[in-house]
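> No sequence on hand, only this structure:
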């Protein structure tokens, strides 16, 4: 309740700021949007030459691609401030201020920023998924629709957990932005069907840094009717495990910070 | 109120070897060096006191403040403030303290000040009625009215510092930590801030720990000071006592009727004292002699001068605190 | 001329030191970015597997792999921080420090960045290029490296770096007129990414679109040097491509000087 009210205050502030910097927001959101358009043009060019990519139709690829943007965009929208922790908040010693406040530093960091630019990614994702669903005339049941939503939310939590781990590394080494960058870039592998990769890469993005669960597996449940236990349950399991790990790493990092200082 | 008992803080520092070979070998086997930043310090502060915490850069001041505010955990020793151990239940503890780090703001850069305060109200869960009362008080003391609607990034340094002070007190803390609250401000603003701090201390009986490099802050705010150097407490006591303990020095300023007569004075030889006990400074016609009043009485100094030379003008002063600190550190005081 | 070098070599030296200080962070960043090359590699592999053809719009699988890695490499070589750095200096006022020194603003930034490029060339360019050539040798069965093309490539990359530099400088100067150029900076990157051929070879676009894209300055940034390296240009085409690079470079230098003079006037009016 208290967090909710506090968050509301921050959100209202961010919306006000958004109005103040309208141009910035529009250009920012537009650039994310354009980035996606270029990738879709690329996919379009491929399919102008071949009818199917490894058994996937154009709109199936678009569906997976669009789906991958939704968890990524959701996470981007809510937890962007973790990047700042990784890049410079710890290094410059500004983290101290979170420690002098009577709320959890992690919650505080996350609540401080809402990155509306991420709406560019998110909305694009929704448009692509809806368009592809129509073109492929996919039939949803309330259950499958529900499972899809669950997969999107927990998919976002996979991103968040990885960002928390990446940011927490800064507590030991002062600046972990570039390490987080490597982790985060691995999510690029999630945009396309995992079957196109070699088995080594596929295993890594399934079991080590489970980005394949943020798009490919839930999509294979919807597109191919693969078992929901693995395809959706896997997302939830991966998110829960990763989040638990991330919280442990974060609190270990905090105590390392407390004993080392800056 | 504040109890610090035998607190020590050690850091492990990686010893970096120079050159490519060194950086490669340090990848595999790192040699650590233990640095003792704070070394077995103890002091108590009663409720309502303003304690001046002074020391040169790197003396262990910041580390101590960070331990008292719960940011750092001591390697050994005990800290108890408001009956709580800062680093044990931090969230509960920080509810009752306020912190200002003068070097960096705690405010949100883009938020107007009013919004910053309402966010802090939520964070510290201050009741609306209490909050209004608090704001009215802070407004009156710190004169926030003129810039309360502006985003923080547009404030001048002095305004920002006032805002930071107000932000640290929204929740009526029992203890206030002010880490260099006057850094970089001009004299008029410094005076305002000092006045506000005094008023807050008097009205609310807030216990305040203040670190500063500006000794005028100390002179105008603190009755008691703790001085730290190389992690150890060098002095803990009242300002006047410190002056008499370390500052048994007096200054005689005089000018001569005939400047050539200066040759007749040779202080160290005539008084038979060590060179460091007496210091002569001559600039144009004004001559300043600083001397150890325990070894040479003021009276004998005056009579010596009056006998030897023709004095045009003379005065005797206390040595100011900056001088004392310089002597204690044996070096220049930074930022003073 | 000697004096010129003496003045600016101090900036280069500072640039090298700066690059050394941030090398771990920079190399990690490069590694992260290069992961995308592998995504692209696998996609092309899937495409060639699916089409059953050994050629896709005139590119073989080997060609495509070389293109993917090399275009990214060129992207790294020509990348510049001048937009962000300049915008920051303009906002915090430290741009004054550059203005009071008796040096040319663009040369001083350029000299500083040159120091950074030394590291990019040794730590990223050389290893990746060797990797690409080994890959070509293994898949083709013969040495495909051609010194002539390589030398032309080097010349072309220098042009595209300068072009990229002045383009970014112009964006940086925008900070004099706009409060926050962060959004524009991201937008600029995505536009360049698309039109420069970093993602898709411009040759893949349908006729008319391709013709337009190839004339735009962005094509000179990544597409031209990469195609030259791969030996896809010959004779007239080659001369024309290099000519376009020079043309756009001169144009951008001119524009940047013009905006700078406007900005200086504005600065004088504002009083800093």
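Great, that's in hand. Not measured: the values here are computed from a predicted model.
> residue contacts, the residue most central in space within chain B?
For chain B, the residue nearest the mean C-alpha position is residue B:212 (2.6 Å; CA atoms, centre = their mean). Contacts of residue B:212 were listed using CB atoms under 8 Å, 6 or more residues apart in numbering or on different chains, and they are B:52, B:54, B:180-183, B:218. C-beta: built from backbone N, CA, C; applies to glycine.
> out of the residues you listed, which one sits closest to chain A?
The shortest approach to chain A among the contacts of residue B:212 belongs to residue B:180, at 13.8 Å (CB to the nearest CB).
> Quick check: the gap between the spatially closest residue to the closest one that is not a sequence neighbour and residue B:244.
Using CB to CB, 6 or more residues apart in numbering or on different chains and skipping the chain neighbours, the partner closest in space to residue B:180 is residue B:102 (3.7 Å). Distance from residue B:102 to residue B:244, counting by CB to CB, to the nearest Å: 30 Å.
> do the same with residue C:257
Spatial separation of residue C:257 from residue B:244 under the definition CB to CB is 69 Å.
> Neighbours of residue B:295, how many?
14 (other CB atoms under 10 Å in any protein chain shown).
> ignore the last one, residue C:123
15.
> List the contacts of it.
Contact analysis of residue C:123 by CB under 8 Å, 6+ apart lists C:23, C:27.
> Which two among the contacts of residue B:212 are spaced furthest apart?
With distances taken as CB to CB, the most widely separated pair in the contacts of residue B:212 is B:52 and B:183, at 14.8 Å.
> between those two, who's got more neighbours?
Using other CB under 10 Å as the criterion, residue B:52 and residue B:183 rank with residue B:52 on top: 21 against 17.
> does that one count as helix, strand or coil?
For residue B:52, the assignment made with DSSP: H, G, I helix; E, B strand; the rest coil gives strand.
> you'd agree it is up against residue B:208?
No: look at residue B:52 against residue B:208 with CB atoms under 8 Å: they stay out of range, at 9.4 Å.
> where do the contact lists of these two overlap?
Taking CB under 8 Å, 6+ apart as the contact rule, residue B:52 and residue B:208 both touch residue B:221.
> Pull out the buried residues from the helix or strand residue A:10 falls within.
Under the criterion of DSSP states H and E, residue A:10 resides in helix A:2-20. By 16 or more other CB atoms under 10 Å in any protein chain shown, the buried positions in helix A:2-20 come out as A:6-7, A:9-10, A:13-14, A:17.
> now for that helix, which elements pack on it?
For helix A:2-20, the elements it packs on are helix A:105-112, helix B:113-123, judged by 3 or more CB pairs under 8 Å, 6 or more residues apart in numbering or on different chains; DSSP states H and E.
> and with 6 Å instead?
Helices and strands touching helix A:2-20, by 3 or more CB pairs under 6 Å, 6 or more residues apart in numbering or on different chains; DSSP states H and E, are helix B:113-123.
> Could you pick out the residues of the stretch 51-200 of chain A near chain B for me?
Residues of the stretch 51-200 of chain A lying close to chain B (CB under 6 Å from any CB of the partner chain) are A:96-97, A:99-103.
> From these, list the ones also adjacent to chain C.
Of these, not one also sits near chain C (CB under 6 Å from any CB).
> among those residues, who's most crowded?
Neighbour max across those (other CB under 10 Å) = residue A:96, 24 neighbours.
> Verify the contact between that residue and residue B:71 for me.
Yes: with contact defined as CB atoms under 6 Å, residue A:96 reaches residue B:71; the gap is 5.2 Å.
> Next up, the contacts around the residue nearest to residue B:180.
Listed by CB atoms under 6 Å, 6 or more residues apart in numbering or on different chains, the contact set of residue B:102 reads B:179-181, B:183.
> if we take the residues you listed, which one ends up nearest to residue C:149?
Out of these, the member with the shortest distance to residue C:149 (by CB to CB) is residue B:183, at 60.2 Å.
> roughly how far apart are the residue nearest to the closest one when sequence neighbours are not counted and chain A?
Nearest non-adjacent residue to residue B:183, counting by CB to CB, 6+ apart: residue B:102, 4.3 Å away. Distance of residue B:102 to chain A, computed by CB to the nearest CB, to the nearest Å: 13 Å.
> And residue B:102, how close does it get to residue C:224?
From residue B:102 to residue C:224 the distance is 54 Å (CB to CB).
> Out of the contacts of residue B:212, the closest to chain C would be?
Using CB to the nearest CB, residue B:183 is the member of those that sits closest to chain C, with 18.7 Å.
> That closest one should be in a strand, yeah?
No: according to three-state DSSP, residue B:183 belongs to no strand; its state is coil.
> ok, residue A:50 touching residue C:49?
No: Residue A:50 lies out of contact with residue C:49 (CB under 6 Å); the separation is 9.8 Å.
> The two - which one has more neighbours?
For residue A:50 versus residue C:49, the count of surrounding residues by other CB under 10 Å is larger for residue A:50: 18 against 13.
> can you pull the pLDDT of the closest residue to that one other than its chain neighbours?
Using CB to CB, 6+ apart and skipping the chain neighbours, the partner closest in space to residue A:50 is residue C:51 (4.5 Å). If you check residue C:51, the pLDDT there is 85.
> What of residue A:89?
89.
> I'd like to know which elements the helix ranked longest in chain C is packed against.
Taking DSSP state H as the criterion, chain C has its longest helix at helix C:235-270. Helix C:235-270 sits against helix C:147-173, with contacts defined as 3+ CB pairs under 6 Å, 6+ apart.
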